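Student: coords below, sequence missing:
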C-alpha cells in the first residue's frame, strides 16, 4: 500500500476528510522485522476512566505487543491517574517505561506522527466523532462498544473505516472471552446445527436504576465540560450526569464507580446498547446474521420522566429475522443469550463482569454460563463450523495492526449489531410495530421512526458535520 505525505495530518474540513477517507494508508516499517523495541506498536489512550484503567490499558499492555506513550482526557485529574497507572504497570513488570505524554485535547495526540494506534475508552456520545477523527488521522483504533450512538453515525464511521483500510476493533470482547471461550464455542455449536433448525433467540440484559435530578453545580476547574458535552446539547453541569469527582481514602480520584452518563439518553441509550452491544453481537454470530438484521421490530419500555437519569427501565422487544427466527430481548430474562431450535437449546453468558462495578450475569439457582437442554449438545467433538480462537481482544487487535488482517470485531460487522440495538430502542420509544428494510437501512413508510435514526449536533462538534453530512 502507498500513502500520501499528509496521511496523519489533522483534517479540518469535510472536503478534506472525504478525500482522505478514500486514500490507502501504510503501516510503519518499524512494526516488522526482528523483535526489537522499535517494532512495538506505539499506542495513545484517549479517555482515562473506569473502562480504560480497569480493562483497556491492562489489555493493551499485557499483550506484550505495544507501548502506551500518551494518555488524554478532558478531566486533568483523570489524565494524571491514567499516566500514573501506565507508569506503575511498567514499574511492577520491571520494564523500562516509555515517556508517557499527557494531553487535554485529543486532536493534539492524533497529530503525533509517531503514534500508530489509539484506544478510545469514551462515553458513547463521543465514539463517532473521535473515532472518525482518529481514522482520518491515519490511526488504527480500538473503540469501546457500542459502535456509535445513532444509526446515521454508524453508517458514516463504518464507511470511513472500510474506505481508509484502517484496522478498527470494536470492544465486543465476548468474542475473545477467556479462559473458557464459551461465547465462541456456543456459536460454533449453534452454527454446526446442534440445536437443529434455529427458531428463537432470547437475550437477557440488566437495567440501570434512576433517581431524582440533582441541582446545578459549579463546573470543576479540572474538567473541560464543553468538550465533554461534545455534539450533545448544552445543559447545566452536575456530577450526576458526568462522572465522579469524589476522592478515595488515598486522595485519588474515584474512577471505579459506574458513571452517571450511562443513565442519560444524550450520552447513552441505556442497557439496550450498554450490554446489548455485547449480546446482540453474539446472537448475530450464532445466527449467521453478522451482516444482516431484523425485518420487523416491536417493543415496549418504561422511561423515567427525570431529565438526567432518563434511560429505559423495564422493557420487552421482539424482533423477526430471516427465516422467521424470533428474538426476544428483555430484562425479565437471565443475562445472556439462549439459542432455541427444534432439537434443543444452548445458553451462554458471562462468568464475571467486565469491571467490578458492572452487573453480574448470574445469580444462584440460574443457568450456568454455558448450558444446554442436553449435555451432548456441548460435545466439542464433531463441530462442523469453527471460528478463530482468542482469549485477548486487545491482543487480537494489535496482531491485526501488524498483519493487516481483519480483527474479530471489525467496524463493518459492529455496524449491524449496533443497528439492531438502536432499532430496539426506537421500537421501545415508538411503542408500535416497525418494518425495517435491511438493504436500504430505513424504516418502511415511517418518517417519524426514520427521523430517530439521527440527531442534531451542537455547532463545532459531531461526526456527521465532520463528514459533511450534517
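Tutor: All right, it came through fine. Predicted model only: the values in this text are computed from it and were never measured.
Student: excluding its backbone neighbours, what's nearest residue 446?
Tutor: Closest residue to residue 446 apart from its sequence neighbours, by C-beta to C-beta, 6 or more residues apart in numbering: residue 434 at 6.3 Å. The C-beta positions use only the backbone N, C-alpha and C, and glycine is treated the same way.
Student: contacts only, for residue 323.
Tutor: When contacts are counted by C-beta atoms under 8 Å, 6 or more residues apart in numbering, residue 323 touches residue 198.
Student: can you pull out the strands in the stretch 151-300 of the chain?
Tutor: 168-170, 198-204, 296-301 (DSSP state E, counting those that start in this stretch).
Student: so in that sheet, which strands flank the longest one, and in what orientation?
Tutor: If I follow you right, that is strand 198-204. Sheet pairing here is set by DSSP bridges, and for strand 198-204 it gives strand 326-330 (parallel), strand 336-341 (antiparallel).
Student: swap in the last one?
Tutor: Under the criterion DSSP bridges, strand 296-301 sits next to strand 315-320 (antiparallel), strand 434-437 (antiparallel) in its sheet.
Student: comparing those, which comes out most buried?
Tutor: strand 315-320 (a mean of 21; mean count of other C-beta atoms under 10 Å).
Student: ok, back up a step: wait, which of the strands of the stretch 151-300 of the chain is closest to residue 225?
Tutor: strand 168-170 (27.5 Å; C-beta to C-beta).
Student: tell me what the residue nearest to residue 446 is bridged to.
Tutor: With DSSP bridges as the rule, residue 434 is bridged to residue 297.
Student: look up phi and psi at the spatially most central residue of the chain.
Tutor: The structure's the chain has its C-alpha centroid closest to residue 145; by C-alpha atoms, centre = their mean the separation is 0.7 Å. Note on residue 145: backbone dihedrals following degrees, to the nearest 10 are phi -80, psi 160.
Student: the nearest residue to it once chain neighbours are set aside and residue 180: what is the separation?
Tutor: Counting by C-beta to C-beta, 6+ apart, residue 145 lies nearest to residue 277, which is 4.0 Å off, once chain neighbours are set aside. Note on residue 277: its distance to residue 180, by C-beta to C-beta, to the nearest Å, is 21 Å.
Student: neighbour count: these two, which is higher?
Tutor: residue 277 (27 against 14; other C-beta atoms under 10 Å).
Student: what's near enough to touch the more buried one?
Tutor: 145-147, 172, 414, 417-418, 421.
Student: now tabulate those residues in a markdown table and tack on pLDDT and secondary structure.
Tutor: Shown next, in a markdown table, are these (pLDDT from 0 to 100; DSSP: H, G, I helix; E, B strand; the rest coil):
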| residue | pLDDT | secondary structure |
| --- | --- | --- |
| 145 | 98 | coil |
| 146 | 98 | coil |
| 147 | 98 | coil |
| 172 | 97 | coil |
| 414 | 98 | helix |
| 417 | 98 | helix |
| 418 | 98 | helix |
| 421 | 98 | helix |
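Student: drop anything exposed from these.
Tutor: 145-147, 172, 414, 417-418, 421 (16 or more other C-beta atoms under 10 Å).
Student: farthest-apart pair in those, please.
Tutor: Farthest pair in the buried ones among the contacts of residue 277, by C-beta to C-beta: 172 and 421, 11.4 Å.
Student: hmm, back to that, from residue 454, how far off is the residue nearest to the centre of the chain?
Tutor: 20 Å.
Student: could you do residue 274 as well?
Tutor: Counting by C-beta to C-beta, the gap from residue 274 to residue 454 is 20 Å.
Student: between the two, who's got more neighbours?
Tutor: The neighbour comparison of residue 274 against residue 454 (other C-beta under 10 Å) goes to residue 274, with 23 against 17.
Student: packing partners for whichever helix or strand residue 135 is part of?
Tutor: Assigned by DSSP states H and E, residue 135 belongs to helix 127-136. Counting contacts by 3 or more C-beta pairs under 8 Å, 6 or more residues apart in numbering; DSSP states H and E, helix 127-136 is packed against helix 14-21, helix 106-110, strand 117-120, strand 140-143, helix 151-164, helix 463-466.
Student: save the ones you listed as a markdown table, and put in mean neighbour count, mean pLDDT and distance to residue 406 too.
Tutor: Listed next are these as a markdown table, based on neighbours: other C-beta atoms under 10 Å; pLDDT from 0 to 100; distance: least, C-beta to C-beta, whole Å:
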| stretch | mean neighbour count | mean pLDDT | distance to residue 406 |
| --- | --- | --- | --- |
| helix 14-21 | 16 | 36 | 19 |
| helix 106-110 | 20 | 98 | 23 |
| strand 117-120 | 26 | 98 | 16 |
| strand 140-143 | 27 | 98 | 12 |
| helix 151-164 | 22 | 98 | 11 |
| helix 463-466 | 23 | 98 | 23 |
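Student: of those, which is nearest residue 67?
Tutor: The nearest among the helices and strands packed on helix 127-136, by C-beta to C-beta, is strand 117-120 at 10.8 Å.
Student: need the residues that contact the closest one.
Tutor: 41-47, 52, 56-57, 60, 66, 109-110, 126-127, 130-131, 134, 139-144, 167, 394, 398, 401.
Student: contact partners for residue 432?
Tutor: So residue 432 contacts residue 298 (C-beta under 8 Å, 6+ apart).
Student: can you check residue 97 too?
Tutor: 86-87, 90-91.
Student: my guess is residue 217 contacts residue 237. True?
Tutor: Yes - between residue 217 and residue 237 there is a contact at 5.9 Å, judged by C-beta atoms under 8 Å.
Student: of the two, which one has the most company?
Tutor: Per other C-beta under 10 Å, whichever of residue 217 and residue 237 has more neighbours is residue 237, with 16 against 13.
Student: for that one, which non-adjacent residue is spatially closest?
Tutor: Counting by C-beta to C-beta, 6+ apart, residue 219 is the residue found nearest to residue 237 once chain neighbours are left out, at 4.6 Å.
Student: ramachandran coordinates for that neighbour?
Tutor: The phi/psi pair for residue 219 (degrees, to the nearest 10) is phi -70, psi 130.
Student: so what does residue 66 have for phi and psi?
Tutor: phi -140, psi 160.
Student: now do the contacts for the nearest residue to it once chain neighbours are set aside.
Tutor: Distances taken as C-beta to C-beta, 6+ apart place residue 41 nearest to residue 66, at 4.1 Å, with adjacent residues excluded. By C-beta under 8 Å, 6+ apart, the residues touching residue 41 are 31, 65-67, 116-117, 398, 401-402.
Student: nearest to residue 341, of the strands paired with strand 296-301?
Tutor: strand 315-320 (16.5 Å).
Student: what's next to the closest one, contact-wise?
Tutor: 207, 272, 294-302, 326-332, 420, 423-424, 427-428.
Student: about what we covered before: dump the helices and strands packed on helix 127-136 into a markdown table; add distance to residue 95 as well.
Tutor: Output for the helices and strands packed on helix 127-136, formatted as a markdown table (distance: least, C-beta to C-beta, whole Å):
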| stretch | distance to residue 95 |
| --- | --- |
| helix 14-21 | 35 |
| helix 106-110 | 22 |
| strand 117-120 | 19 |
| strand 140-143 | 21 |
| helix 151-164 | 32 |
| helix 463-466 | 37 |
